[in-house]
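Asks: Requesting a structural model of the entry that follows:
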Amino acid sequence: MGQTLSEPVIDKHSTEDGNDCLIYGASSMQGWRVSMEDAHTTILKLDGSNVGFFAVYDGHGGQNVAKFSGGRLHKRIAAEDAFKKGLYPEAIKNGFLGTDVDLKQDPELANDPSGCTAVAAVIEPGKRVFVGNAGDSRAVISVNGKVEALSHDHKPVNKTESQRIVAAGGFVEFGRVNGNLALSRAIGDFEFKQNLNLSPEQQIVTSNPDIIEHKLGEDEEFIVLACDGIWDCMTSQEVVDFVRMRIAEQKDLRVICEELMDRCLAPDSEIGGIGCDNMTVVIVGLLNGLTRPQWYDTLSKRIQQGAATDRLGNLISGNEAGSASNHITTGNGSTSALASTAIFNTDDSDDYPPDSDEEEKFVGEVENVESRKDSIVSAPAVLADLSSQIQNKDR
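Replies: Residues are numbered from 1 along each chain as shown. Predicted coordinates for the structure are as follows:
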């Protein structure tokens with residue numbers, strides 16, 4: 001946990017825009033942290049194409065690398081010949097690795113000790129979305145109210161991540177790289193990229209992204225990209241439910257981003273760091289041939305028809321939390337006719353393949369942590385409810 005202020009900075013920096021294919025809202029907030037180290041990028045038409053680009057960067061050790069990446073990664077990707085040919089996975093990979101090269105060659109930043117995560121979505125409206133990820137920021141998509149993962153967090157304890165770390169001469173201690181860094185892939189962090197005998201992909205910490213492709217259809221509603229300041233506080237499905245409920249209320253995506261951050265902000269800084277981080281959220285609405293008003297009306301009707309509420313009156317989707325689609329292909333290029341999602345493991349890893357025992361074990365551990373976290377968060381409300389019942393009974 002980083003240093004915190006005596007009072008949070010709750011001023012929000014928000015934007016929104018749209019075209020015939022996509023609408024978006026974005027917002028960031030410093031919160032309890034002593035400085036703002038996040039950055040984000042929102043581009044409806046990248047380099048004059050019809051492709052949208054949206055990214056979130058979560059800095060650590062300073063803001064410089066995140067700020068640099070926010071102004072550079074999309075340019076790197078768009079400059080790739082692969083991008084011009086529509087070979088987006090190749091362009092994304094080269095863009096991530098190339099941003100690291102540019103950073104190292106910048107005379108003002110070459111010795112900067114900071115680093116940042118990067119999760120970036122390249123969207124072909126009505127066709128496909130490609131998400132490149134390095135670190136533990138995250139992207140998800142709502143498919144008729146059910147969350148599907150567009151990225152997977154890179155943690156040092158993950159099997160393939162720890163294998164690479166050890167093979168490069170590092171170690172994992174207390175769930176951190178060399179006992180220090182809580183994530184295993186990042187742009188910058190050059191102290192972990194010193195082995196001249198290894199490729200950039202093989203370093204202790206690498207900027208080499210995992211890339212997921214997801215086909216877009218009428219059921220795909222919106223994409224959420226956010227830093228771990230959000231995901232540490234809410235599950236992916238909870239975020240999707242939160243956004244859908246407010247779309248049903250016809251709220252602007254910018255406003256929904258702001259309300260989501262308010263929902264995650266801790267009431268004080270004494271609860272172990274959850275809700276005390278910088279926060280950045282980008283929500284991208286997939287219009288699917290509809291106008292903005294039609295999209296809102298269509299989703300509102302869809303949500304209301306399947307609506308249910310919890311005991312507090314909050315709208316819930318009724319869908320189980322999900323990860324990537326069951327119909328998944330890996331980066332060998334083979335795709336079944338039913339496949340909606342493809343994973344390009346750019347380091348040829350098989351870490352947590354679909355339906356594997358390793359994945360089930362990992363998901364079980366995560367669910368256990370989430371369950372304990374939810375119990376802790378909900379305990380005050382439960383105690384207050386019980387106290388009220390006892391007082392009423394005594395009367």
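
Asks: List the contacts of the nearest residue to residue 134 once chain neighbours are set aside.
Replies: Using C-beta to C-beta, 6 or more residues apart in numbering and skipping residues adjacent in sequence, the residue nearest residue 134 is residue 185, 4.0 Å away. For every residue, glycine as well, the C-beta is placed using N, CA and C. Contacts for residue 185 were tallied using C-beta atoms under 8 Å, 6 or more residues apart in numbering; they are 117, 133, 134, 135, 154, 161, 205, 206, 207, 208, 209.

Asks: mind checking how far the last one is from residue 258?
Replies: For residue 209, the distance to residue 258 equals 29 Å [C-beta to C-beta, to the nearest Å].

Asks: between the two, who's got more neighbours?
Replies: Using other C-beta atoms under 10 Å as the criterion, residue 209 and residue 258 rank with residue 209 on top: 27 against 21.

Asks: Return the alpha-carbon coordinates of stretch 174-189 using CSV.
Replies: Only the C-alpha atoms of stretch 174-189 are listed here, as CSV (Å, rounded to 0.1, in the frame of the first residue of the first chain):
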residue,chain,number,x,y,z
PHE,A,174,5.5,-12.7,-0.6
GLY,A,175,3.8,-12.8,-3.9
ARG,A,176,6.1,-10.1,-5.4
VAL,A,177,8.9,-10.1,-7.9
ASN,A,178,12.1,-10.1,-6.0
GLY,A,179,10.0,-9.3,-2.9
ASN,A,180,9.2,-5.9,-4.4
LEU,A,181,6.8,-5.6,-7.4
ALA,A,182,3.3,-7.0,-7.1
LEU,A,183,2.8,-7.6,-10.8
SER,A,184,4.9,-9.5,-13.3
ARG,A,185,4.5,-7.6,-16.6
ALA,A,186,4.9,-3.8,-17.1
ILE,A,187,6.2,-1.1,-19.3
GLY,A,188,9.3,0.4,-17.7
ASP,A,189,10.7,-1.1,-14.5
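
Asks: of all the contacts of residue 185, which comes closest to residue 222?
Replies: For these, the closest approach to residue 222 (C-beta to C-beta) belongs to residue 133, at 18.1 Å.

Asks: Spell out which helix or strand contains the closest one, please.
Replies: If you go by DSSP states H and E, residue 133 is part of strand 128-134.

Asks: Just give the strands next to that strand in its sheet, each with its orientation.
Replies: Sheet pairing here is set by DSSP bridges, and for strand 128-134 it gives strand 118-124 (antiparallel), strand 210-215 (antiparallel).
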